[in-house]
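Engineer: Everything below, folded, please.
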Amino acid sequence: MDTRWQKFKVTGDYHVNMRALYLAWATPAGLEKWFLRKADFYTVPKRLRAADEEVMKEDTYEWYWHGYNNSLVEKGAILEANGNDLIKFTFAGNCIVTVRFSTTKGLTIIDLIQENIPPETDPEKNLFVQCQLGWVFYLTNLKSVFEGGKDLRNKRVDLTSNFK
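Structural biologist: Below is the predicted model of the structure:
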C-alpha cells in the first residue's frame, strides 16, 4: 500500500519568541488572532475555557472559520499539550496534527505534521492536498500577523469565489 499520501510536514520560521507562538496555538484568544473566527475549548467536565486559558490534554474543541457561517464547525480533541513546545490534536476526522516548537539561530521554528490521512479517490476531497494548502496559508498568516500586524484571512461570509 502506498503510504506517501497519508502524512505531510510543513515548517515555518518566525522572529517571535517561542512562548508567544505556543500561546498562539494553545489558547482560544491566540488561535482567533491568526487562525479561527471562534475557538471554543471544553475541559473534561465540559467547562468552556476562558479566552486566555491554555488548553490541556483531553480538552475537546469546536472551531469556527472566517468566511463561513456557524454550520461549518470543526470538532476534535487535544491529545497532548505540554505547556512549552508541543501540541497534538485530532483534525479533519481521524487525522492527527502535531505542532512542535523549537528555536535555532534566533528564530522560533514550527514543525506541523498531519498524519493518519485517509485515502480518497475524489481529488476535490483529498485531505492531503487541501489540508496542506490550508496549513501553508495559516502558517503564513501566523507570520504575517505576529511579525507585521497584517491579517490575510477573508473575514466576509458574503465573499466567495465564483470560479468553478
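
Engineer: Following element in sequence after the host helix or strand of Leu112, please.
Structural biologist: Using DSSP states H and E, the element containing Leu112 is strand 107-115. Note on strand 107-115: by DSSP H and E, the next helix or strand toward the C-terminus is helix 127-143.

Engineer: For the lowest-mean-pLDDT helix or strand in the chain, give me every contacting residue.
Structural biologist: Ranked by mean pLDDT, DSSP states H and E, the helix or strand of the chain with the weakest confidence is helix 127-143, at a mean of 94. Helix 127-143 is contacted from outside by 5-6, 8, 10, 12, 14, 21, 24, 34-35, 91-93, 95, 110, 112, 114, 117-118, 120, 123, 151-153, using CB atoms under 8 Å, 6 or more residues apart in numbering. No exception for glycine: its C-beta is placed from N, CA and C like everyone else's.

Engineer: From the residues you listed, list just the buried residues.
Structural biologist: Those of these that meet the buried threshold are 6, 8, 10, 12, 14, 21, 24, 34-35, 91-92, 95, 110, 112, 114, 117, 153, by 16 or more other CB atoms under 10 Å.

Engineer: Take those residues and keep only those in helices.
Structural biologist: 21, 24, 34 (DSSP state H).

Engineer: Of these, which is the nearest to Asn84?
Structural biologist: Ranked by distance to Asn84 (CB to CB), these are led by Leu21 at 11.2 Å.

Engineer: surely that closest one meets Thr108?
Structural biologist: Yes - using CB atoms under 8 Å, Leu21 makes contact with Thr108 at a distance of 5.3 Å.

Engineer: Now for these two: what residues contact both?
Structural biologist: Jointly contacting Leu21 and Thr108 under the rule CB under 8 Å, 6+ apart are 14, 101.

Engineer: Any regions of this protein where pLDDT drops low?
Structural biologist: 1-2, 123-125, 160-164 (pLDDT under 70).

Engineer: quick one: contacts for the nearest residue to Gly93 once chain neighbours are set aside?
Structural biologist: Of all residues not flanking Gly93 in the chain, Pro118 sits nearest, at 7.1 Å (CB to CB, 6 or more residues apart in numbering). Pro118 makes contact with 6, 93-95, 127, according to CB under 8 Å, 6+ apart.
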